[in-house]
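Q: take a look and give me a structure for this.
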Amino acid sequence: MARQDAGLTVGRIAEALGAEAAGDLSLAVAGASEPAAAGPDDLALAMDAKYAGGLAQGRARAAVLWAGADWRGLGLKAAIFVPRPRLAMAGLTRVLDPGPEIAPGLHPTAIIDPSAVLGPGAAVGPFTIIGRGVRIGARARIDSHVTIAEGAEIGDDALILAGARIGARVRIGDRLVCQPGAVIGADGFSFVTPEKSGVEEIRQTLGERGDVRAQSWLRIHSLGTVEIADDVEVGANATIDRGTIRATRIGAGTKLDNLVHVAHNVEVGRDCLLCALVGVAGSTRIGDRVVLGGQVGVSDNIFIGDDVIAGGGTKILSNQPAGRVILGYPAMKMDSHIDAWKNMRRLGRLFAQVAELRAAVFGGGAGDGKDG
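A: Predicted coordinates:
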């Protein structure tokens, strides 16, 4: 049950949502709840007719309902009507979310280099370390145990939660949301052998391998940085590696889920969604509004066009044109993948039918399907 300490009225919430409302709009609301669990001070979320039964089990006096609902017949004193429930949830949760408790000002245990510049209204929590030459915008809220390395720049209204790590010279726009444990600006994973490695050989031959010999790996250092535009969110324990020479870049409005890994030199466009456990290998370019479902893997040095959607678990090994919907390993058009798996499921029946046909043509002994 979501709680909101300050208290709101039905009318104020409806105004914030730009939604129609009816009944006693001065009714105070303390939080949001599922219909069956709602108390008298809760705003019940029954935005589809299938949840109407839950209202009878709970004690809500006010609810968010589907358009055209008979709120009086449901026993309510007030109601808000929304045509698109999930969109309403975005506005409603924003209104009701009190956010993390980060005290204003600078906590006495924080270590802030004298050369760092913090904008007006910035707040810094306990045991946070802010390095030399860091610039942080106005109203930033930085939780406990965060480290921000030398030369990093972060825009206005950032929210950086506990244990996040932001590396040297990283540049981030306004309104960053960085969840606990995220790492922005770690070194890229880039190594080379003195002679051509087995990996390089396999990439050229697609499986054929010559003499196997001992190899040792030499680090290619990461001299670049990370550049993140406005309104980006980075999930818990997500990692964005710095570029080798140029910057790794994340476009405006893009959202990274928990445990996403963006490797060195990757460029991600605007308004993309990278869901949990997505891994993007080095130097890949991703267009705008791309959606990668959970556990999608993306090979290195390829291009994914605008508006591509990849279903969960897809492995993208080659360039993908704009607008394509893909699935599978290796990735293929989703309809083709579905057809292929339907055919796979039919193979057992097909083999049996072929065996029957062989038996009919060659006789019982020759058609048992075991002689290849």
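Q: so where's the stretch 1-150 of the chain shaky on pLDDT?
A: Along the stretch 1-150 of the chain, segments meeting pLDDT under 70 span 1-7.
Q: what ranges does it have for its strands?
A: 2-9, 20-23, 28-33, 42-46, 62-66, 78-82, 111-112, 117-118, 123-124, 129-130, 135-136, 141-142, 147-148 (DSSP state E, counting those that start in this stretch).
Q: distance of Ser26 relative to Arg94?
A: From Ser26 across to Arg94, the span is 22 Å (C-beta to C-beta, to the nearest Å). From N, CA and C alone the C-beta is placed, and that goes for glycine too.
Q: cool, and Ala149?
A: 31 Å.
Q: higher neighbour count, these two?
A: Neighbours around Ala149 and Arg94, counted as other C-beta atoms under 10 Å, are more numerous at Ala149. The numbers are 19 against 10.
Q: please name the nearest non-neighbouring residue to the more buried one.
A: Ranked by C-beta to C-beta, 6 or more residues apart in numbering and with sequence neighbours excluded, the top spatial neighbour of Ala149 is Ala168, at 4.1 Å.
Q: the one you found reaches Gly151, doesn't it?
A: Yes: the pair Ala168 and Gly151 qualifies as a contact (C-beta atoms under 8 Å) at a distance of 5.4 Å.
Q: what is in contact with the two at once?
A: Gly131 (C-beta atoms under 8 Å, 6 or more residues apart in numbering).
Q: is it correct that Thr147 is in contact with Ile129?
A: Yes: Thr147 lies in contact with Ile129 (C-beta under 8 Å); the separation is 4.7 Å.
Q: so for the protein, the centremost residue is which one?
A: Asp257 (2.6 Å; C-alpha atoms, centre = their mean).
Q: and it, what is it in contact with?
A: Applying C-beta under 8 Å, 6+ apart, the residues near Asp257 are Gly235, Ala238, Leu273, Leu274, Cys275, Ala276, Leu277, Val278, Gly294.
Q: dump the residue contacts of the third one.
A: Neighbour list for Leu273: Thr254, Lys255, Asp257, Val290, Val291, Leu292 [criterion: C-beta under 8 Å, 6+ apart].
Q: in the sheet, who's paired with it?
A: Lys255, Val291 (DSSP bridges).
Q: and Leu106, how many neighbours?
A: 16.
Q: what's the neighbour count on Asp24?
A: So Asp24, with other C-beta under 10 Å, has 16 neighbours.
Q: repeat that for Gly312.
A: Applying other C-beta under 10 Å, we find 14 residues neighbouring Gly312.
Q: how about Ala340?
A: 12.
Q: all helices for the stretch 251-372 of the chain, in order.
A: 334-362 (DSSP state H, counting those that start in this stretch).
Q: any low-confidence regions in it?
A: For the stretch 251-372 of the chain, the stretches flagged by pLDDT under 70 are 364-372.
Q: residues contacting Cys178?
A: Neighbour list for Cys178: Ala158, Leu159, Ile160, Leu161, Ala164, Ile166, Ile184, Glu233, Val234 [criterion: C-beta under 8 Å, 6+ apart].
Q: Throw those residues into a markdown table and include secondary structure and distance to Leu74, thanks.
A: A markdown table is the format used below for the contacts of Cys178 (DSSP: H, G, I helix; E, B strand; the rest coil; distance: C-beta to C-beta, whole Å):
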| residue | secondary structure | distance to Leu74 |
| --- | --- | --- |
| Ala158 | coil | 42 |
| Leu159 | strand | 37 |
| Ile160 | strand | 43 |
| Leu161 | coil | 39 |
| Ala164 | coil | 44 |
| Ile166 | strand | 49 |
| Ile184 | strand | 47 |
| Glu233 | strand | 36 |
| Val234 | strand | 41 |
